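In: Provide a 3D model corresponding to the input given below.
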Amino acid sequence: MHRTPMLLEDLSVEITARDTPALVALAADLPAGTRVSVTHLGTEGAAERREAAAAAARAALVPVPHLAARRFSSESDLRATLEGLRAHEAHERLFVVGGDPRTPAGPYASALDLIRSGVLAEAGVAEVGIAGYPEGHPAIADDVLWAELGAKAAALAEQGLAGSITTQFSFDVDAVVAWIERARALGITLPIRVGIPGPAGVRRLLAFARRCGVGTSAGIARKYGFSLTSLVGTAGPDRFVAELGSRLDERHGEVRLHVYTFGTLDAAVAWAREARAAAVPAERP
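Out: Numbers count the residues shown, from 1 in each chain. Next up, the predicted model:
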């Protein structure tokens, strides 16, 4: 059975705090219960991130604030952040990542350190998302990534916390499917949300891909079907999603999609609505 309609049933989206006005304006166009991830950027303050999460909660969406472990200066800093999120009913589902700073600001050098601290469980967190990298990480070796992924999944289970994995966005279905199969072979059974770039200008997509170390410009162009001779226009994930849906089956476990909006939430919301409508006939006899 083609799994594209299932992939599109429960999309999650990712925004930054500066996208809050767009989220408020577009909330009615998102299905109730849609997960809205709020990134933890060093250029945005805790109050701004809390307001983004609170705006999602007020709109009957599910806020998933990010915690960047290396940005917390102390355990008390982490606890204060969690208390602030709790006050806005935005603390139950979180996503924990290591973060960009080369030197940790405090006691947490990695997402695993923060999870193992036990502070999340004590704060009433119910579910913790962790990161996956189907095309690798520009600064971390693959064997380390896999070891950390398994350790984080185990640490969540030991603390009775539900977990999920959200992957870095990718343009390569082969890499994503191979990564999911390896995760399952290693006994990692957590639900997986495959990161995809929402519709965006070609130049913008390539810039984000270079920043995150995801593929080469030539490889991206070949897989996404645009030409590097003309970088004008927008590229969307339709081809990627259709191919991914055609290749997944029960062996791959629970898989959904996570849309990186890159500041264009309106385009992502419109694409999701149209993609769901187009996918419905695929399930009819």
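In: tell me how far stretch 166-176 is from the chain's mean position?
Out: 11 Å (Cα atoms, centre = their mean, to the nearest Å).
In: ugh, wrong one, I meant stretch 148-164
Out: That offset, for stretch 148-164, works out to 17 Å (Cα atoms, centre = their mean).
In: I'd like the mean pLDDT over that stretch, please.
Out: Average pLDDT, stretch 148-164: 98.
In: mind listing what's buried along that stretch?
Out: With burial defined by 16 or more other Cβ atoms under 10 Å, the residues of stretch 148-164 counted as buried are 148-149, 151-153, 155-156, 159, 161, 163-164. Placement of C-beta: from N, CA and C, glycine included.
In: and the pLDDT for Glu283?
Out: 46.
In: please renumber so the chain begins at 551
Out: Sure thing, new numbering starts at 551, so read that last one as Glu833.
In: low-confidence regions, this structure specifically.
Out: Within the chain, the segments meeting pLDDT under 70 span 551, 752, 763-785, 830-835.
In: now the strands for it?
Out: 562-565, 585-588, 612-618, 643-647, 677-682, 712-717, 742-747, 750-751, 784-785, 805-810 (DSSP state E).
In: out of the ones you listed, deepest packed?
Out: strand 585-588 (a mean of 27; mean count of other Cβ atoms under 10 Å).
In: helices and strands around that one, which ones?
Out: For strand 585-588, the packing partners by 3 or more Cβ pairs under 8 Å, 6 or more residues apart in numbering; DSSP states H and E come out as strand 562-565, helix 596-608, strand 612-618.
In: closest to Glu804 out of those?
Out: Nearest of these to Glu804, taken as Cβ to Cβ: strand 562-565 at 13.0 Å.
In: chain center to that closest one: distance?
Out: So, by Cα atoms, centre = their mean, the centroid of strand 562-565 is 7 Å from its chain's centroid.
In: can you list contacts of that strand?
Out: Contact with strand 562-565 is made by 572-573, 580, 584-589, 602, 614, 716, 743, 748, 806-811, 815, 818-819, 822, as judged by Cβ atoms under 8 Å, 6 or more residues apart in numbering.
In: at 10 Å instead, please
Out: 569, 572-573, 576, 580, 584-589, 602, 605-606, 611-612, 614, 616, 645, 679, 714, 716, 719, 743, 745, 748, 806-813, 815, 818-819, 822 (Cβ atoms under 10 Å, 6 or more residues apart in numbering).
In: can I get it as PDB, trimmed to CA atoms?
Out: Extracted C-alpha coordinates of strand 562-565, given in PDB (Å, rounded to 0.1, in the frame of the first residue of the first chain):
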ATOM      1  CA  SER A 562       4.500  18.700  12.100                       C
ATOM      2  CA  VAL A 563       6.000  22.100  11.300                       C
ATOM      3  CA  GLU A 564       9.000  24.000  12.600                       C
ATOM      4  CA  ILE A 565       9.200  27.700  13.200                       C
END
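In: quickly run through the sheet partners of that strand, with directions.
Out: strand 585-588 (parallel), strand 805-810 (parallel) (DSSP bridges).
In: gap between the residue nearest the centre of the chain and Pro657?
Out: Centroid-nearest residue in the chain, with Cα atoms, centre = their mean: Thr716, separated by 4.4 Å. Thr716 is 25 Å from Pro657, where distance means Cβ to Cβ, to the nearest Å.
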